[in-house]
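[1] sequence first, predicted coordinates after that:
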Amino acid sequence: MELAKKVNIAGRLSKKKRAVQGKNEQLQTILIIFVILSFMVSLILPLSALFGQALYDREGNFAGLNNFVKYFSTPTLVTSLQHTAYISVMTMFISVGLAFMYAYSLTRTRMIGKSIFRYAALLPLFAPTMMHGIGLMYLFGNQGLITSGFFGFSPGWEIKLYGPIGIIIAETVYTFPQAFLIIYIALQHTDYRLYEAANTLGSGRLKQFLNITLPSAKYGIITSMFVVFTLSFTDYGAPKIVGGQYNVLATDIYKQVVGQQNLSMGATVGVLLMLPALVAFFVDHVSQKKQSMYITSKAMGYKIPGNKGRDLLAFLYCLLITCFIMLLFVAVGVAASVKIWPYNLGFTLDHFKFSSFSGDGLTAYKNSLIAAGITAFVGTIFTFIFAYSIEKIRKKRFLRKLGYLLSIIPLSVPGLVIGISYVFFFSKSELEILGLSVSNPFHFLYGTIAIIVIANILHFYSVAFVTATTALRKLDKEFELASESMGVPFYKTMFTVTIPMCLPAILEIAMFYFVNSMVTISAVVFLYSADFKLAAISIVNMDDAGNISSAAAMSVLIVLTNIVVRLLYEWAVLGLRKRNAEWQK
Amino acid sequence: MKDPFLQISNISKTFNHFTALNDISFDIYKNEFVCLLGPSGCGKTTLLRIIAGLEEADHGSIKKNGEEMLHLPPVQREFGIVFQSYALFPNLTALQNVEYGLKNKKVSKAELKQRAMEALQMVDLEQIKDKYPAHLSGGQQQRVALARAIALSPKFLLLDEPLSALDAKVRKKLRYEIKCLQQKLGITTIMVTHDQEEALTMADKVVVMNNAQIMQVGTPEEIYFHPANPFVADFVGSINIWNHHVEGVTKAIRPEHIRLSKNQGMKSEIKAIEFRGATYRIELEVIDSASPLYSQKIEVDLFASSIQAFNLKRGSIIFVQFPENQVLTYKEQVVY
């Protein structure tokens, strides 16, 4: 009887529920369509504009592949391509080799100081690539600390910094953390049972290394090689500072577009810049599939056998790398705070006033904070909602798959290409579609903060998206079905369950967007407007003007800001963990 | 006969050329406990999801009290569901989990709490109401999930392999508890399981499925004693099954129905004796060359007393008899 009454209540409510359900489904459809449309505007249309531009000549006539033919028959341009390839290959081998040994030391030895070494390896992520170049200048430049043998105390060591050597060292520092992270994770995910089996079969250490360790980290190593290659292939900051007369694609594209206003050739170089990233995209796709086959849920973590000699060797190696990274940062720090290097080494904070420069030093820094803050805030919200729509909505399977693909593609679009394709798309007030001229509804964004924020979000979106997706996939996929069966709208469950559960990942994404937006230059170098300069760009400008100590001071400001943000993040995560301890295992 | 509560007719579903359900029809009556039983991949979970509205059927119809339900979204079908993974919200307490669905129903706070507590009492868990799922045992989590499902007073209950994540002892206890609760509430229940013991002990009606099709619908006794075809015979319980080449049919007999004799029947040799607690399972090889079962292996279940009475050991020679009324005969030839 009691039950019958309750059932009756439920029955009476069913009309209202029908309406709610209808709204839910509509809202979900709108969400997923919004995801697709966002990518249309921020990715597909600008890239189409870029590819389109590459097919037309300077005068706007259809040129087919003529631009590419012209490119490959212009000796200076071909030389740049060769330079870039040389730099990238060298960086790839050096960076991945160093990173592998570093990651191996951290995962497979019992040396002390592991957590310090791990943070030290990540330090370069907090700095713009220009800073690595500046640091190198103060160490190995004409009046560098090491070149002059510590101001004559010891024999000097001249390495011809400006040119390929400087670029390779700077790119190695820049790419080292990324390679390290990938390989570190690959080495952590191993199955100790394989080693136990090898031990019982009596195979030696070297054999185990060659037959178990290397194969299980193989895909990590391959992926990191492609990542490093792509990063150094498309980096703008380091060659700008220490490249000297040594031209690479990234500096070329800037000269073509901004210097010579040759948009067609700029687009052509842009297409070339994308090639290695496209290859990397497919390699990564394949290797991720294969990597996951390697590890089962029953895998056991690696147990490190004792070996004092090995531990000491690993410790010395990691210490060496850490010292070098520290030295670079300290050099920049010193450069920013002495009066006149190397003649007057007295301490000063004058360079932080940026008074000798045209005056937008501190403004640029403030602008960067604003842009990075907005990018972190808006980017995190969008990324999470996009990942949620793609991962958790039950229907619209095709659109969700398309959304997933579109979410991964930005990974293979270098920042410079994003920047230049945004110029091509957003700067036009009229769009040509199938011969028809339509006014561009997105033109108003051009030259505003908004376009910088959009470019930043897209530039770093894929990694953030993967972080969000991974966090969402850890949640029971039946949460949504359970709440749907109870008649609770999906957004309520998103707010009461999904977001609280994913909060650590959300904070990580925000931190990631902020830090990267502070250091990046590649995408925004084409997009900033005269009245909204950014810190990273002012570094380049100050360096161009010969005001290197101010450039160093700006770098220091950026690094300090990022370290503070990182610490805030760690502190927030710690607090969160404490607060959520009661419902966690 | 009463009208069926749920009438499932001609449901078909394919996923990219893979047929998950092929023309499924059966009726479910009010207050019935129905088990969908079958090996993994037979389509039973897909069928449950179609009933729930979480998956769309290619064609067919499902009528509730004579009204078509297939076009309705899940919430309007008025069921409660318990998932294999429980799907309890980790950041909400047991009570908050049970209240979750009620909150959307615009009932007063007092009534909301009262109904949630009632549901928790039903599964005997009011003492752990403020604990988070992570601090509950698997069995307790499953009962909270059950309470959450019945708190909304649904018209019927869907259980998707609710016990398979639990260990054997807890599973047996919960089997009984779920059945009691179902009878107490008199709620129509559909449960998916691949565990035949679960289906036989809990169901009023078992729907045996294989390869996207229904193999048999019947009471647990009908399924066990009169399996409609060799698949059901083989899938539910243990059975000896062989092709009778002379008659051109397939015959089958359950191990516990075989009788032993010291001198009459098919002459056999004992190949293995397996101790199973209350019973022994004996594996025999027929060595009577005149028998259609010559050189085949047969399994027989015996109590310990029989083992002693016949003084059975490996290598002993014994005669077996198949009581006529216990032998099942099927027209289809089962190829081994």
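    Cool, got the structure.

[2] flag every residue of chain B that's near chain A.
    Applying CB under 8 Å from any CB of the partner chain, we find that chain B lies next to chain A at B:52, B:54, B:73-76, B:78-81, B:83, B:85-87, B:89-92, B:100-101, B:103-107, B:115, B:132-134, B:148, B:152-155, B:185-186. Heads up, the C-betas are built off the backbone N, CA and C, glycines and all.

[3] what about stretch A:486-493, distance to the chain center?
    Chain-centre distance of stretch A:486-493: 35 Å, with CA atoms, centre = their mean, to the nearest Å.

[4] show me what contacts the spatially closest residue to A:Phe424 that is not a sequence neighbour?
    Leaving aside its sequence neighbours, A:Phe424 sits nearest to A:Ala49 (CB to CB, 6 or more residues apart in numbering or on different chains; 3.9 Å). Counting by CB atoms under 8 Å, 6 or more residues apart in numbering or on different chains, A:Ala49 makes contact with A:Ser421, A:Phe424, A:Phe425, A:Lys428.

[5] for those residues, pick the one with the most neighbours.
    Taking other CB atoms under 10 Å in any protein chain shown as the neighbour criterion, A:Ser421 ranks highest of the contacts of A:Ala49 with 27 neighbours.

[6] tell me how far that residue lies from chain B.
    36 Å (CB to the nearest CB, to the nearest Å).

[7] just checking, what packs against the host helix or strand of that residue?
    If you go by DSSP states H and E, A:Ser421 is part of helix A:415-426. On a contact count with 3 or more CB pairs under 8 Å, 6 or more residues apart in numbering or on different chains; DSSP states H and E, helix A:415-426 meets helix A:45-54, helix A:214-234, helix A:249-254, helix A:263-294, helix A:449-474.

[8] which one of those helices has the poorest average confidence?
    Among the helices and strands packed on helix A:415-426, helix A:263-294 carries the lowest mean pLDDT, at a mean of 79.

[9] buried sites along that one?
    A:263-274, A:276-277, A:280-281, A:283-284, A:287, A:291, A:294 (16 or more other CB atoms under 10 Å in any protein chain shown).

[10] and what of stretch A:63-80?
    A:Ala63, A:Asn67, A:Tyr71, A:Leu77, A:Ser80.

[11] isn't the third one right next to A:Gly270, touching?
    No - checked against CB atoms under 8 Å, the pair A:Tyr71 and A:Gly270 is beyond contact range at 11.3 Å.

[12] what parts of the stretch 401-550 of chain A come near chain B?
    A:476, A:478-479, A:481-489, A:492, A:496-497, A:500-501.

[13] show me which of those residues are buried.
    A:476, A:478-479, A:481-489, A:496-497, A:500-501.

[14] could you list which of those residues belong to helices?
    A:Glu478, A:Phe479, A:Leu481, A:Ala482, A:Ser483, A:Glu484, A:Ser485, A:Pro500, A:Met501 (DSSP state H).

[15] how about A:Val89, what does it touch?
    Taking CB under 8 Å, 6+ apart as the criterion, A:Val89 is in contact with A:Phe229.

[16] ok now stretch B:57-70, how far from the chain's centre?
    24 Å.

[17] among the ones in helices among the buried ones among the residues of the stretch 401-550 of chain A next to chain B, which pair sits farthest apart?
    A:Ser485 and A:Pro500 (21.2 Å; CB to CB).

[18] tell me the mean pLDDT for stretch B:183-203?
    93.

[19] spatially central residue for chain B, please.
    B:Ala199 (2.7 Å; CA atoms, centre = their mean).

[20] ok, that residue to B:Leu47 distance?
    According to CB to CB, to the nearest Å, B:Ala199 stands 15 Å off from B:Leu47.

[21] name the SS class of the residue of the stretch 151-300 of chain B found nearest chain A, please.
    In the stretch 151-300 of chain B, the residue that lies nearest chain A is B:Ser153 (3.8 Å; CB to the nearest CB). Three-state assignment for B:Ser153 (DSSP: H, G, I helix; E, B strand; the rest coil): coil.

[22] and it, how many neighbours?
    Neighbours of B:Ser153 using other CB under 10 Å come to 23.

[23] quick check: pLDDT value at it.
    The predicted local confidence for B:Ser153 is 88.

[24] ditto for the one 4 residues further on
    B:Leu157 is assigned a pLDDT of 94 by the prediction.

[25] these two touch, right, it and B:Ile190?
    Yes - in this structure B:Leu157 lies within contact range of B:Ile190 using CB under 8 Å: 7.3 Å.

[26] name the residue in those two with the higher neighbour count.
    Under the neighbour definition other CB under 10 Å, B:Leu157 and B:Ile190 were set side by side, and B:Ile190 has more, 27 against 23.

[27] rewinding a little: how close does the residue nearest to A:Phe424 get to A:Met265?
    15 Å.

[28] for A:Ala103, which of the helices and strands packed on helix A:415-426 is the nearest?
    Sorting those by CB to CB, the top spot, which is the nearest, belongs to helix A:214-234 at 8.4 Å.

[29] now do the next helix or strand after the closest one: which elements does it pack against?
    Once the chain leaves helix A:214-234, the next helix or strand it forms, by DSSP H and E, is helix A:237-242. If you count contacts as 3+ CB pairs under 8 Å, 6+ apart, helix A:237-242 packs onto helix A:129-140, helix A:164-188, helix A:249-254, helix A:535-544.

[30] from the middle of its chain, how far away would the shortest one be?
    Put plainly, it is helix A:249-254. 20 Å.

[31] likewise the first one?
    Its chain's average C-alpha position is 21 Å from that of helix A:129-140, according to CA atoms, centre = their mean.

[32] downstream neighbour of it in the secondary structure list?
    Next along from helix A:129-140, by DSSP H and E: helix A:149-152.

[33] who touches that next one?
    Residues contacting helix A:149-152 (CB under 8 Å, 6+ apart): A:Leu145, A:Pro155, A:Gly156, A:Trp157, A:Pro342.

[34] go with 6 Å
    Helix A:149-152 has contacts (CB atoms under 6 Å, 6 or more residues apart in numbering or on different chains) with A:Pro155, A:Gly156.

[35] what about residue 58, neighbour count?
    This is for chain A. 13.

[36] my question was about chain B
    There are 13 residues near B:Asp58, going by other CB under 10 Å.

[37] isn't it up against B:Lys13?
    Yes - counting by CB atoms under 6 Å, B:Asp58 does reach B:Lys13; the two are 5.3 Å apart.

[38] SS state for the residue of the stretch 301-450 of chain A found nearest chain B?
    Using CB to the nearest CB, the single residue of the stretch 301-450 of chain A nearest to chain B is A:Arg394, 7.0 Å away. Taking three-state DSSP as the rule, one finds A:Arg394 in the coil state.

[39] so how far is B:Ala52 from it?
    Relative to B:Ala52, and taking CB to CB, A:Arg394 is found at 11 Å.

[40] and if you look at A:Pro177?
    48 Å.

[41] in space, what's closest to the most centrally placed residue in chain A - neighbours in sequence excluded?
    Nearest residue to the geometric centre of chain A (CA atoms, centre = their mean): A:Phe460, 5.4 Å. Excluding its sequence neighbours, the residue lying closest to A:Phe460 (CB to CB, 6+ apart) is A:Asn516, at 4.8 Å.
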